[in-house]
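**Q** With the input below, show me the fold.
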Amino acid sequence: MAILLIVVNHEVARAEAQDILDGLIEQSIQTYPAIKSKEMTRESAKQDVVTASLSFLPNATVNFQSRRRVYDDSSSKSTIGDPYTVITISQPLLGGGLVAGYRQSQANLSASDWALREEAENIAVRVINAYGAWLSAYKKLSASEDSVKEYERLVGLITHRVEAGVSPLTDQNLGVSRLLQAQSELSSYRAKESSALTTLNQLVGQRLTREQLLSQQPEDNFAMPEDVVMKTLEVSPALKRLQFEAESANQASKKVRSQAFPQLALQARRTIGDPDYQNIHPKNTIGLVLSYSTGAGFSSFSKTLSADKAYYATVLNIDSAKRDVVVRVNQEVSDYQFAKSREKPLQKYADLTKAISESYSRLFLVGKKSWLDLMNSVRERKEAQVELIDVQVLLLTTSRRLSIYTQNLNFDAVKQ
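**A** Model (predicted):
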């Protein structure tokens, strides 16, 4: 069985220095059943090309039969004639749509090849999205764990102060409510991490652990092409597939149109035996045969119109797909540029909120900050971390998807 090998074209994507995301993409493409299905479809298309090429060769038929001879109007006065055999060899010369049929099979083969590449691209994008979902959930889970620990420490502190009569009970209630909220968020992120990890397991075809995913960090070495939309349109496997499907529909239309007209063939025939006479030597004939079939109710012309409309439909599909690609890539570029511009300011904002929270914790003990100020600083610190994580993951996933769309995903030769 053919195995599709795909190498992600990054500088670090070598066996000794491959990042975790590249490895997940490569493994999922090698093992995912949809890829195997597309490979089988391509093998079938290859066989169709062989079949179409064989249709140019002579066609041999053997007909063995006998006829009843009737000597009178009464069916009782009849007898079975001697059996006879007719061997016919026909070589198509003109018409019949053989050339169009062969070109159609070649277009179908090319379309199936690009469909395989398209499926690989789709799986790669799904892996990127699943990894991004897992990474986001894991980082937010870590931030929530730190937040819960901080709230637990502060609740313990305020509880002692309430027992000592230094702080009111409302401060303790506020701290407990914030702790419960943080614990709820922690459970939510834990469930999201588990769900994303399950998705990755199914895509890759093996059970992954958090430790495996954390063993290597994905590289961020994406360079935005000058005209990313045009680059994507040039190399999009979906557009290539649709173009060859349109070519296949065009050849199918030509094939149907050719079959609606007379067909010319060179035919050789040998008749052994005779239904009317006995002891007749074999008879050989050779000549040109012109045949024509209108189909039931001249349906051959109706089939031509149907095939033409099917071709026009595939052409419109190409235009529709181009618009979808432009919209999708522009959205990816917009998200990437947004994340790129927000990463550094959010990193600074997260560092500042952390410093402020730690400072408020000290100032509360000396009475210079209220308990509400301290609670709000802890929550703001957590929100800043979550916002930073969202931007970092968005930057990673959009850059990787754009890398895939601009054909940084290259295919090795298919190896047996």
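
**Q** okay but residue 314 is in contact with residue 249, surely?
**A** Yes: with contact defined as Cβ atoms under 8 Å, residue 314 reaches residue 249; the gap is 4.6 Å. All C-beta spots, glycine's among them, are computed from the backbone N, C-alpha and C.

**Q** neighbour-wise, which of those two wins?
**A** The residue with more neighbours, out of residue 314 and residue 249, is residue 249; 22 against 18, by other Cβ atoms under 10 Å.

**Q** Next one: the more buried one from residue 42, what distance?
**A** To residue 42, residue 249 is 19 Å away according to Cβ to Cβ, to the nearest Å.

**Q** Kindly report the same for residue 159.
**A** Distance from residue 159 to residue 42, by Cβ to Cβ: 68 Å.

**Q** For the helix or strand where residue 117 lies, name the packing helices and strands.
**A** According to DSSP states H and E, residue 117 maps onto helix 98-163. Contact analysis of helix 98-163 by 3 or more Cβ pairs under 8 Å, 6 or more residues apart in numbering; DSSP states H and E lists helix 20-31, helix 33-54, helix 169-204, helix 210-214, helix 237-259, helix 371-405, strand 409-411 as its packing neighbours.

**Q** mind running it again at 6 Å?
**A** The elements that helix 98-163 packs onto, with contact taken as 3 or more Cβ pairs under 6 Å, 6 or more residues apart in numbering; DSSP states H and E, are helix 20-31, helix 33-54, helix 169-204, helix 237-259, helix 371-405.

**Q** List the buried residues of the longest one.
**A** Neighbour counts using 16 or more other Cβ atoms under 10 Å place 171-172, 174-175, 178-179, 182, 185-186, 189-190, 192-193, 196-197, 199-200, 203-204 of helix 169-204 among the buried residues.

**Q** Can you check what angle separates the helix holding residue 117 from helix 169-204?
**A** Relative orientation of helix 98-163 versus helix 169-204 (axes from the mean of the first three to the mean of the last three Cα atoms, to 10 degrees): 160 degrees.

**Q** average pLDDT for helix 98-163?
**A** On average, the pLDDT along helix 98-163 is 93.

**Q** I'd like the helices and strands packed on helix 98-163 as CSV, with mean pLDDT and distance to residue 211 appended.
**A** As requested, these are exported to CSV (pLDDT from 0 to 100; distance: least, Cβ to Cβ, whole Å):
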stretch, mean pLDDT, distance to residue 211
helix 20-31, 89, 11
helix 33-54, 91, 27
helix 169-204, 94, 12
helix 237-259, 89, 35
helix 371-405, 94, 20
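
**Q** Any chance of those in CSV with distance to residue 309 as columns?
**A** Formatted as CSV, these follow (distance: least, Cβ to Cβ, whole Å):
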stretch, distance to residue 309
helix 20-31, 37
helix 33-54, 23
helix 169-204, 39
helix 237-259, 9
helix 371-405, 32
